[in-house]
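J.: Provided below for reference: sequence and predicted model.
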Amino acid sequence: MLITVGELGYLVYFKTQNRDYREKADEILISEPNPSFIKKEESKAAKCPAGFILVPGDSSYKTVDFCVMKYEAKCDFNGDGFGDSPSKGESWNNLKKPCPKIVSSAEGLPITNISLTDSISKLKNDESTEASAKKYCEGSGWHLLTNDEYMTIAKNIVESDKNWCNPQVPDKCGLEIGKGVVPSGHSNDKPDKALPASIDDNDSCYLTGDATDGCRSNGAQKRTFVLKNNEIIWDIVGNVWEMVDLVINVENQPSAKNAFELRTGWGWSEFYPTDDPNEWFLFDYGSLKPSDLTVSGTNWTSALGIGKISHNSRPNVTGKVALIRGGSWTSISNAGIFTTALIMGPYDNLLNINNTTGFRCAVKPSI
Ligand SMILES: [Ca+2]
Ligand SMILES: [Ca+2]
Ligand SMILES: [Ca+2]
């Protein structure tokens, strides 16, 4: 069999990646660079930074074409351009190990335990409070993904039949829009940790443990989505939550009811009513619009894999809440492309939303 240099590079790299994922000896697992892979990525996306993909703008969200990280933000600990992993733990805990440089690469576990914005009353002698997701993105000349940008990606995904999959038939995607499910990524808590991505976009169930009995045969754990411009994005649903640059007042968040009563307090809700009279659904979007959370007017429910919202219905407290999107590896059936959680602070201090919430940066393409 003839193996090209490019393929050889890939094989070598694939082995490296597997070894990195399994090895537990060193404190930080360093990914090894692969020159053939770097060249390929640079020529393919000339207008976007390495590891970013182009997303077509959408007038519904007043967005113009932008670049987004193809992968969740990773930590490039040794500065070689590839994400690295801690030897222990289910993600890159930025509280324990502040990251010197973020990167979008398949390699490495996503950065978590990081705040949305910098603390207002930053502790002078605690350096770990100095870097928020916003600051990490801005420090590289980018910005934290906005909710409008997230929704531009999400709407693009659900408007392509390539992302509607039959949950029972192996590799059967390309159904009619609104039929089957939109996959919800690595979200079934098995394995109980975040995952690095594969450099092979076709390995869409990489490390999910569902390659033979869940992902390919039930579509639901597939980690990749294809945009209408044929770009592939990894883990926009599942793996770790994606914080977006949007904060609202607690009292302005949506409210839920079911067939019998209005809900007070925290819980998960559908975006639209289902057949189950006990199921909570939104009846009031507060200061948000339906289009901030889902594709309005479709009446899609979580039965289609598109997710739910966790929120405090008719709260009796004040303050601020931040939006996180997509769900994590622990979200099970609540994960989905429109999944949203509204989380109370402290998301602006002590760096720690939680160990299942990461982020992604975006930037204007260079002409
Ligand atoms: Ca590295
Ligand atoms: Ca799994
Ligand atoms: Ca994610």
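T.: Nice, thanks for sending it over. Ligands and ions are numbered 1, 2, ... in the order given.

J.: So V247: helix, strand or coil?
T.: strand (DSSP: H, G, I helix; E, B strand; the rest coil).

J.: correct me, but it touches K320?
T.: Yes: look at V247 against K320 with CB atoms under 8 Å: they come within range, at 5.2 Å. Any C-beta I mention is one placed from the backbone N, CA and C, and that applies to glycine too.

J.: how close does the nearest residue to F281 once chain neighbours are set aside get to P254?
T.: Leaving out its chain neighbours, the residue that sits closest to F281 by CB to CB, 6 or more residues apart in numbering is E270, at 4.3 Å. The gap separating E270 from P254 is 11 Å, by CB to CB, to the nearest Å.

J.: overlap in contacts of those two?
T.: L282 (CB atoms under 8 Å, 6 or more residues apart in numbering).

J.: what does the stretch 51-200 of the chain have sitting close to ligand 1?
T.: Within reach of ligand 1 by CB under 5 Å from the ion, the stretch 51-200 of the chain has these residues: 76, 78, 80, 82, 84.

J.: how about the helices in the stretch 151-300 of the chain?
T.: Using DSSP state H, counting those that start in this stretch, the helices of the stretch 151-300 of the chain run over 215-218, 290-293.

J.: weakest of those by average pLDDT?
T.: Mean pLDDT is lowest for helix 215-218 among the helices of the stretch 151-300 of the chain, at a mean of 55.

J.: Quick check: the one residue sitting closest to the centre of the chain vs P56, distance?
T.: What sits nearest the mean C-alpha location of the chain, by CA atoms, centre = their mean, is I236, with 3.4 Å. Per CB to CB, I236 is found 15 Å from P56.

J.: same question, T330
T.: Distance from T330 to P56, by CB to CB: 32 Å.

J.: Which of the two has more residues huddled nearby?
T.: T330 (20 against 15; other CB atoms under 10 Å).

J.: residues contacting the residue nearest to the centre of the chain?
T.: 153-154, 157, 185, 225, 242, 326, 337, 360.

J.: so how many other residues sit close to the residue nearest to G267 when sequence neighbours are not counted?
T.: The shortest distance from G267 to any non-neighbouring residue, by CB to CB, 6+ apart, is to W280 (6.0 Å). Per other CB under 10 Å, the neighbour tally for W280 reads 23.

J.: What of the one 3 residues further on?
T.: F283 sits with 15 neighbouring residues when counted by other CB under 10 Å.

J.: Name all residues that make contact with I30.
T.: I30 neighbours (CB under 8 Å, 6+ apart): 20, 77-78, 80, 84.

J.: Show me the subset of these that also lies near ligand 3.
T.: Applying CB under 5 Å from the ion, the subset of the contacts of I30 adjacent to ligand 3 is empty.

J.: ok, and the most crowded of these?
T.: Of all those, the highest neighbour tally under other CB under 10 Å goes to D84, namely 25 neighbours.

J.: Go ahead and confirm that one touches K97.
T.: No: between D84 and K97 there is no contact under CB under 8 Å: 9.9 Å.

J.: what are the ranges of the strands in the stretch 51-200 of the chain?
T.: If DSSP state E, counting those that start in this stretch is used as the criterion, the strands of the stretch 51-200 of the chain fall at 52-55, 66-69, 74-75, 85-86, 92-93, 102-103, 111-112, 143-144.

J.: Any chance of those in CSV with mean pLDDT and mean neighbour count as columns?
T.: Below are the strands of the stretch 51-200 of the chain laid out as CSV (pLDDT from 0 to 100; neighbours: other CB atoms under 10 Å):
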stretch, mean pLDDT, mean neighbour count
strand 52-55, 98, 22
strand 66-69, 98, 25
strand 74-75, 98, 27
strand 85-86, 96, 22
strand 92-93, 94, 25
strand 102-103, 98, 26
strand 111-112, 95, 27
strand 143-144, 98, 20
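
J.: Looking at those, spot the one closest to V169.
T.: Closest approach to V169 among these is made by strand 52-55 (28.0 Å; CB to CB).

J.: Quick check: can you name the pairing partners of the closest one and their directions?
T.: strand 66-69 (antiparallel) (DSSP bridges).

J.: Is ligand 3 within reach of the partner strand?
T.: No: remark: strand 66-69 sits outside contact range of ligand 3, by CB under 5 Å from the ion, the gap being at least 10.5 Å.

J.: For that strand, which outside residues touch it?
T.: Applying CB under 8 Å, 6+ apart, the contact partners of strand 66-69 are 45, 47-49, 51-55, 57, 104, 145, 149, 152-153, 233, 360-365.

J.: Now do the same contact list for the residue nearest to F281.
T.: Neighbouring residues of E270 by CB under 8 Å, 6+ apart: 279-282, 301-302, 308.
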